[in-house]
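Asker: What shape does this take:
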Amino acid sequence: MNLSGLDLNLVLSLRALLEERNVTRAGQRIGLSQPAMSAALARLRRHFDDELLSRVGGQYELTALGRALLDRTATACDLLERVFSSRADFTAGREEHEFTLLASDYAAAVFGAGLVRIAHAEAPRVRLHFRRLPADVTEDTATVLSTADGLLMPHGVITGFPAVELFTDRWVVLVAEANDEVGDRLTMDDLARLPWVIYQRTYDAPAARQLSMLGIDPHVEISVDSFQVLPYLVAGTRRIALIQQRLAERLSGVAAVRVMEAPYEAVPVQMALWWHPGHTHDAAHIWLRETAARVGAELSPRHPGQG
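Answerer: Predicted coordinates:
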């Protein structure tokens with residue numbers, strides 16, 4: 001399609017129409033009169049050869065194509081905003097800017113705290129927005145990355161995008177202090193016999209996948225979308241859970257649990273900041289990457305597991 005023949009203002013109209021499902025409200029949202037918005041809707045219908053909005057009773061409903069365009073249009077608007085907010089120079093101490101990072105609660109707690117500290121000291125007008133990882137991050141990574149400034153995720157999940165190496169971590173096992181079924185050392189039999197609490201997105205727990213390779217099919221009793229609640233769901237029960245050592249150290253004392261070594265060699269966690277290639281030459285993004293690398297270097301001197 002030849003984009004030079006399109007009026008990109010229609011993207012804004014399309015998003016407003018699909019989200020508001022009302023011509024008058026859509027026009028008010030983007031500052032167009034009702035006749036102007038009706039004209040925009042007519043142009044969009046001709047372009048897509050689809051009604052987009054169809055009247056059902058006293059209100060409008062999205063057509064099948066309208067529903068498909070809803071998320072795509074929001075993504076397109078976000079990307080356009082990022083394109084036109086790019087800059088050749090960026091002075092962190094003076095300029096206002098907001099960065100959006102996609103991250104699990106683990107990455108936000110372990111890495112984000114250091115990033116926030118530096119930003120507060122050196123770039124007081126910079127805002128950081130941490131957002132949960134979307135469910136489709138591995139299915140449409142390019143689109144997901146185009147809606148944010150970066151993705152905090154370990155290696156082994158996505159490939160083909162630029163990344164800054166941050167820090168390493170290792171998996172340990174949480175066991176309740178009162179669980180007398182586990183001795184001083186965990187065994188493979190313990191892992192097969194005891195019920196589990198797991199982080200629900202399996203791609204964030206590659207160590208758990210190793211269990212199946214070792215012939216263990218863990219009995220999952222609870223799945224959650226937060227690493228930081230794991231100690232509470234293990235304490236006072238027979239359950240066990242895998243957690244990153246750096247996070248376990250930060251959560252020490254919040255619940256009556258023991259942190260134990262896994263009875264197998266778990267693949268370490270190598271965290272990185274991934275970004276869309278479209279951000280590579282943006283001055284503000286360069287500052288973000290350089291600052292992220294500094295935070296990662298501060299986390300790196302002590303190898304996880306050593307004193």
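Asker: in the stretch 101-250 of the chain, which spans are strands?
Answerer: Under the criterion DSSP state E, counting those that start in this stretch, the stretch 101-250 of the chain contains strands at 126-131, 150-154, 163-169, 171-176, 195-199, 219-224, 240-244.
Asker: where does the stretch 51-200 of the chain have low pLDDT?
Answerer: Filtered on pLDDT under 70, the stretch 51-200 of the chain yields the residue ranges 82-83, 85-88.
Asker: now the strands of the stretch 101-250 of the chain in JSON lines, with distance to Glu265 and mean neighbour count?
Answerer: (Each C-beta comes from the backbone N, C-alpha and C, glycine too.) Formatted as JSON lines, those follow (distance: least, C-beta to C-beta, whole Å; neighbours: other C-beta atoms under 10 Å):
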{"stretch": "strand 126-131", "distance to Glu265": "32", "mean neighbour count": "16"}
{"stretch": "strand 150-154", "distance to Glu265": "17", "mean neighbour count": "23"}
{"stretch": "strand 163-169", "distance to Glu265": "14", "mean neighbour count": "20"}
{"stretch": "strand 171-176", "distance to Glu265": "10", "mean neighbour count": "23"}
{"stretch": "strand 195-199", "distance to Glu265": "19", "mean neighbour count": "20"}
{"stretch": "strand 219-224", "distance to Glu265": "22", "mean neighbour count": "14"}
{"stretch": "strand 240-244", "distance to Glu265": "14", "mean neighbour count": "26"}
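Asker: Would you mind listing the buried residues in the lengthiest helix in the chain?
Answerer: Of all segments of type helix in the chain, defined using DSSP state H, the longest is helix 64-84. Using 16 or more other C-beta atoms under 10 Å as the test for burial, helix 64-84 gives Gly66, Leu69, Thr73, Thr75, Ala76, Cys77, Leu79, Arg82.
Asker: bridging residues for the residue nearest to Leu133 when sequence neighbours are not counted?
Answerer: Counting by C-beta to C-beta, 6 or more residues apart in numbering, Leu133 lies nearest to Leu102, which is 5.3 Å off, once chain neighbours are set aside. Note on Leu102: beta-bridge partners by DSSP bridges are Arg131, Leu151.
Asker: For the residue nearest the centre of the chain, give its distance to Glu249.
Answerer: Centroid check for the chain by C-alpha atoms, centre = their mean gives Leu133 as the closest residue, at 2.5 Å. According to C-beta to C-beta, to the nearest Å, Leu133 stands 23 Å off from Glu249.
Asker: again, but for Leu18
Answerer: For Leu18, the distance to Glu249 - C-beta to C-beta - is 46 Å.
Asker: Who has more neighbours out of these two?
Answerer: Leu18 (21 against 12; other C-beta atoms under 10 Å).
Asker: Could you check how far the closest residue to that one other than its chain neighbours is from Arg21?
Answerer: Leaving aside its sequence neighbours, Leu18 sits nearest to Leu70 (C-beta to C-beta, 6+ apart; 4.9 Å). To Arg21, Leu70 is 10 Å away according to C-beta to C-beta.
Asker: between these two, what contacts are shared?
Answerer: Counting by C-beta atoms under 8 Å, 6 or more residues apart in numbering, the shared contacts of Leu70 and Arg21 are Leu62.
Asker: just the helices in this structure please.
Answerer: 9-20, 23-30, 34-48, 64-84, 105-107, 113-122, 141-146, 188-193, 206-213, 230-234, 245-250, 283-299.
Asker: For the nearest residue to Tyr60 once chain neighbours are set aside, give me its contacts.
Answerer: Nearest non-adjacent residue to Tyr60, counting by C-beta to C-beta, 6+ apart: Leu53, 4.3 Å away. Counting by C-beta under 8 Å, 6+ apart, Leu53 makes contact with Leu17, Leu18, Arg21, Leu41, Tyr60, Glu61, Leu62, Thr63, Gly66.
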